[in-house]
Every structure is written in structure tokens, then in C-alpha cells.
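K.L.:
Starting from these lines, generate the structure:
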Amino acid sequence: MKDNQTKELLMNAAKNIFFRKGNIHATTQDIADEAGVNRALIHYYFSSREQLYEMVLKDASREMSQRLQKAFVPGSSFREKMDTFLTIHINELLEYPFLENFIIAEFNRAGGNKMHLLSKEVAGIFMENFVRELREEMERGTIVRMSPEQFLINIVSLCSYPLIARPLLQQVFDLDDAAYLDFIKQRKDQIMRMIFRD
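P.N.:
Residues are numbered from 1 along each chain as shown. Take a look at the predicted model:
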């Protein structure tokens with residue numbers, strides 16, 4: 001009988017390598033070394049390296065869906081939802097700075113063949129409640145009018161780019177690690193000012 005704790009250990013080791021360290025081309029040996037186990041265990045728990053990749057991607061998608069559900073709770077204002085979403089998203093990027101790189105690289109590599117791994121809950125949240133509330137907010141005039149797709153891309157880009165470009169930004173602005181983290185923590189307030197027009 002396979003041990004779920006060992007499987008979780010391997011999954012966490014893979015996430016650490018892919019999402020924290022940014023080694024999207026890691027081998028099963030790299031993952032085994034990270035987990036402190038024999039490589040044969042990976043082949044015991046996962047039928048292939050591809051299956052491990054897919055399970056990690058699916059797990060990341062599920063966790064993303066859960067975080068979005070926490071942000072877009074019924075009864076809170078759109079401003080409150082955006083504030084919570086930005087906090088969650090920025091904290092996630094600080095914890096896993098290469099998560100989005102991994103997802104993009106995997107989809108670029110496999111084309112549309114990985115769409116089934118993305119949680120349908122994520123799309124459902126945005127396509128229904130979020131888009132409706134966004135349009136209502138634009139009708140009130142508190143947000144500049146644009147398509148929901150453009151709005152989402154703007155928000156994700158404003159959060160993600162400073163994390164993806166960390167080495168460049170630290171060099172250009174002469175930021176040590178502490179100053180950089182301080183800079184990132186200010187992003188939410190800056191983005192909220194850009195979103196809302198009051």
C-alpha cells in the first residue's frame with residue numbers, strides 16, 4: 001500500500017523546485033534529492049515524470065481556486081474583494097515566485113493539451129460573479145471602462161512582473177533583499193490606487 005505522506009513529500013519537493021527555485025527543467029533525480037529520498041520512490045508513486053508534472057500543475061490550480069474563493073466571498077464590496085485578492089496573489093507570488101513561469105512554460109510546451117488540468121472553479125468565479133461585479137463597478141464610474149479580459153490581464157501583470165523581474169529590478173533600482181520586499185509590500189496600495197478612481 002502506497003504511503004500518502006511520502007507522495008505528499010515528493011509533491012512538495014517538486015513544488016519547491018519548480019515554484020520557489022524556478023528550475024522548471026528539473027529531473028526526477030533533482031526532485032528526489034530535494035525530498036531526500038531515492039529516485040526509485042518517484043517512479044513508484046508516479047508512473048512517469050509527466051504524471052508528476054501534471055499532478056503538481058493540477059494541485060497548484062486547485063490551491064489557486066481555493067484562494068480565489070476566499071477573496072470573492074459574497075457580501076463584501078468589490079473594493080474589499082480586490083483588496084483581498086491582491087493580498088492573496090502578492091503573498092502567493094512571494095512564496096512561489098516562479099509558479100506562473102511554470103504554468104506558462106507547461107502550457108507553451110504542451111499547447112492546449114493541459115487545459116483539463118486547470119480548475120473549472122477558477123473560470124467559473126471570474127466568468128460569473130467577478131465579471132458581473134466588475135461591470136457594475138464600471139457603470140458606477142469608479143473604474144475606467146475596459147473589457148473584463150483587459151482588466152484581469154492588467155491586474156495580474158501589475159502583480160506578477162515585479163516578482164518575475166526581481167533580479168533586474170533590484171539591480172536597476174539598487175535594492176537589497178530587504179528593500180525589495182518592502183517595495184513589493186507597497187504594490188497592493190499602488191495597484192488599488194490605479195484601479196479605483198476616487
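K.L.:
Please parse the protein into its domains.
P.N.:
Following automatic domain parsing, the chain resolves into domains at 1-46, 54-195.
K.L.:
Make CSV out of those domains and add mean pLDDT and mean neighbour count.
P.N.:
For glycine as for every other residue, the C-beta is placed from the backbone atoms N, C-alpha and C. As requested, these are arranged in CSV below (pLDDT from 0 to 100; neighbours: other C-beta atoms under 10 Å):
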stretch, mean pLDDT, mean neighbour count
domain 1-46, 87, 16
domain 54-195, 83, 15
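K.L.:
Extract the C-alpha set from the helix or strand residue 189 falls within and format it as PDB.
P.N.:
Taking DSSP states H and E as the criterion, residue 189 maps to helix 187-195. Only the C-alpha atoms of helix 187-195 are listed here, as PDB (Å, rounded to 0.1, in the frame of the first residue of the first chain):
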ATOM      1  CA  ARG A 187       2.400  47.100  -4.500                       C
ATOM      2  CA  LYS A 188      -1.100  46.400  -3.300                       C
ATOM      3  CA  ASP A 189      -1.800  50.000  -2.300                       C
ATOM      4  CA  GLN A 190      -0.300  51.300  -5.500                       C
ATOM      5  CA  ILE A 191      -2.400  48.900  -7.600                       C
ATOM      6  CA  MET A 192      -5.600  49.800  -5.700                       C
ATOM      7  CA  ARG A 193      -5.000  53.500  -6.400                       C
ATOM      8  CA  MET A 194      -4.600  52.700 -10.100                       C
ATOM      9  CA  ILE A 195      -7.800  50.600 -10.200                       C
END
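K.L.:
Please name every helix or strand in contact with it.
P.N.:
The contact analysis (3 or more C-beta pairs under 8 Å, 6 or more residues apart in numbering; DSSP states H and E) places helix 187-195 against helix 78-95, helix 148-164.
K.L.:
need the next SSE after the shortest one, C-terminal direction.
P.N.:
Helices and strands here follow DSSP H and E; after helix 148-164, the next one along the chain is helix 166-172.
K.L.:
do the first one as well
P.N.:
Past helix 78-95, heading to the C-terminal end, the next element that is a helix or strand (DSSP H and E) is helix 99-110.
K.L.:
what packs against the top helix by length along the chain?
P.N.:
The residue-count maximum for a helix in the chain (DSSP state H) belongs to helix 49-71. Using 3+ C-beta pairs under 8 Å, 6+ apart as the contact test, the elements touching helix 49-71 are helix 4-15, helix 28-35, helix 78-95, helix 99-110, helix 120-125.
K.L.:
which one of those helices lies closest to residue 162?
P.N.:
Between residue 162 and those, the tightest spacing by C-beta to C-beta is seen for helix 78-95, at 8.5 Å.
K.L.:
and the closest one, what other elements does it pack with?
P.N.:
For helix 78-95, the elements it packs on are helix 49-71, helix 99-110, helix 131-140, helix 148-164, helix 177-185, helix 187-195, judged by 3+ C-beta pairs under 8 Å, 6+ apart.
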